[in-house]
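[1] Okay, structure incoming, though there's no sequence with it:
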Ligand code: UDX
């Protein structure tokens, strides 16, 4: 079993560290955030992810995972394989901000006292590995092999995805380094794709761009369904059964959010432009996604010319269910637009993290959000909303209330028979024609 260091205990790093420890490796997770490290040492996860607390407890008890800050001396902290899993946020021009990655790489090159395999887990643009090798790792006193090993974890399913990954992608110039990293995952039995570094980096962006394209494509078809009177549920089922298309990622609605798709599609567009290539399809994917989240506001404004006198409930703040993550969540664009239209806005989400909502209020129960409202916009398809007693909701709301089902997740018939005007994306409803 290998001695592994994971630098960065954010979403990607922590899952990577805990899962590697669980399959038997000795893992040290390192982060500059002293409070986070203290929490982790106490067995508490700083992020909300299904199953993570249990796995953390199990691996801590096994003694195979420890947590440290760099102040404890890098030379003590390096195993033979060092994963870099720090953030690559979006900078103002749409490019990925690599300052954290560069800082970690520089400190590895400076402090390493024995040969290392450095594995990039952070999502970095194609070409980054080559640049780091030429400009940073070449100056180290010891041999450093560089490997790209992108992650494909969905928030809310990250542990399951780690174990049941469709593939492990490993990009390396040295075969021995690729094999060392592949061996870490040998117990998973997943296909391993070994490539050069730039191809592995590209696989990550191409995967996210393709999935985003699938979502924007089905959203365009759903919009067309609204114009021509077809039903997107049937259309998606009908095309998804074709194995060449596949049924996943064909849920139409108000579009994708989260920490990956919006950032990675913009970054890929930026890289393409930088390399002299106009990636028109990707630009359209991004535009369609930006437009899609306007739909609830457009339709409510049309249905209620006096929207400025009405209350609207926004159900869901996280970018999807099973996560408290609100990054790039469609709800965060919808709320200010509703406020701009003059509506009073009450938001409810069962677990989403703290978020700036301007003049909108955040309430503790779905019933408070719905009380006195003329419309409810479903922005996140939490089970609580699918299972809601909509007759009770109806009784709390004003006459002829609208439900805008931004995730096509609710039972249209049930809502209509409870007395709602139902609107969705590409489904039969009031807003068509
Ligand atoms: C994604 C990728 O799936 C994962 O492989 C990558 O490593 C990180 O980015 P994540 O952001 O956690 O994972 O969420 P995902 O479940 O992929 O959903 C992303 C967004 O797309 C959500 O806002 C979701 O609501 C939306 N979505 C997804 C749709 O609108 N329709 C769909 O059919 C699927």
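    Arrived safely. Remember, it's a predicted structure, so these values are computed and weren't measured experimentally.

[2] for residue 166, what are its contacts?
    By CB atoms under 8 Å, 6 or more residues apart in numbering, residue 166 lies in contact with 152, 190-191. Using the backbone N, CA and C atoms, a C-beta is placed for each residue, glycine as well.

[3] Please repeat the previous calculation with a cut-off of 7 Å.
    Residues near residue 166 by CB atoms under 7 Å, 6 or more residues apart in numbering: residue 190.

[4] Same question for residue 14.
    Neighbour list for residue 14: 29, 47 [criterion: CB under 7 Å, 6+ apart].

[5] Quick check: it is in a helix.
    Yes - assigned with DSSP: H, G, I helix; E, B strand; the rest coil, residue 14 falls within a helix.

[6] State the distance from the residue in the stretch 301-433 of the chain that the ligand sits nearest to to residue 157.
    Distances between the stretch 301-433 of the chain and the ligand by CB to the nearest ligand atom are smallest at residue 320, namely 3.9 Å. Using CB to CB, to the nearest Å, residue 320 is found at 10 Å from residue 157.

[7] Then residue 263?
    The separation that residue 263 has from residue 157, given CB to CB, amounts to 19 Å.

[8] Alongside the ligand, which residues does this protein contribute?
    Where the chain comes near the ligand, counting by CB under 6 Å from any ligand atom, the residues are 151-155, 208, 211, 215, 249-251, 253, 255-258, 260-261, 319-320.

[9] any chance you could map the strands in the stretch 1-150 of the chain?
    3-7, 26-30, 65-68, 81-84, 116-120, 144-148 (DSSP state E, counting those that start in this stretch).

[10] In TSV, list those along with mean pLDDT, distance to residue 293 and mean neighbour count.
    Formatted as TSV, the strands of the stretch 1-150 of the chain follow (pLDDT from 0 to 100; distance: least, CB to CB, whole Å; neighbours: other CB atoms under 10 Å):
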stretch	mean pLDDT	distance to residue 293	mean neighbour count
strand 3-7	96	34	24
strand 26-30	96	35	23
strand 65-68	96	38	20
strand 81-84	98	33	25
strand 116-120	97	32	25
strand 144-148	97	32	24
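
[11] Okay, now the unreliable bits of the chain?
    Scanning the chain for pLDDT under 70 picks out the ranges 75, 433.

[12] any idea which helix is longest in the chain?
    helix 197-228 (DSSP state H).

[13] in it, what's buried?
    For helix 197-228, burial by neighbour count (16 or more other CB atoms under 10 Å) applies to 197-198, 200-205, 207-209, 211-223, 225-226.

[14] try stretch 339-352
    So stretch 339-352, judged by 16+ other CB under 10 Å, has buried residues 339, 341, 343-350, 352.

[15] Next: stretch 249-267.
    Under 16+ other CB under 10 Å, the buried positions of stretch 249-267 are 249-267.

[16] Kindly report the same for stretch 88-100.
    By neighbour count on 16+ other CB under 10 Å, the buried set for stretch 88-100 is 88, 90, 94-98, 100.

[17] Quickly check these for the two that are furthest apart.
    Greatest spacing in the buried residues of stretch 88-100, by CB to CB: 94 and 100 (17.6 Å).

[18] of residue 320 and residue 157, who's got more company?
    Legend: neighbour count by other CB atoms under 10 Å for residue 320 and residue 157, higher for residue 320 (20 against 15).

[19] That one and residue 380 touch, don't they?
    Yes - contact criterion CB atoms under 7 Å: residue 320 and residue 380 qualify, at 6.3 Å.

[20] what about residue 276, how many residues close to it?
    Burial of residue 276 is recorded as 6 neighbouring residues (other CB under 10 Å).

[21] and it, how far is that from residue 140?
    Counting by CB to CB, the gap from residue 276 to residue 140 is 33 Å.

[22] same check, this time on residue 191
    32 Å.

[23] Give me the more crowded residue out of the two.
    Neighbour comparison, residue 191 and residue 140: the larger count goes to residue 140, with 19 against 10 (by other CB under 10 Å).

[24] For that one, give me its contacts.
    Residue 140 sits next to 109, 112 when contact means CB under 7 Å, 6+ apart.
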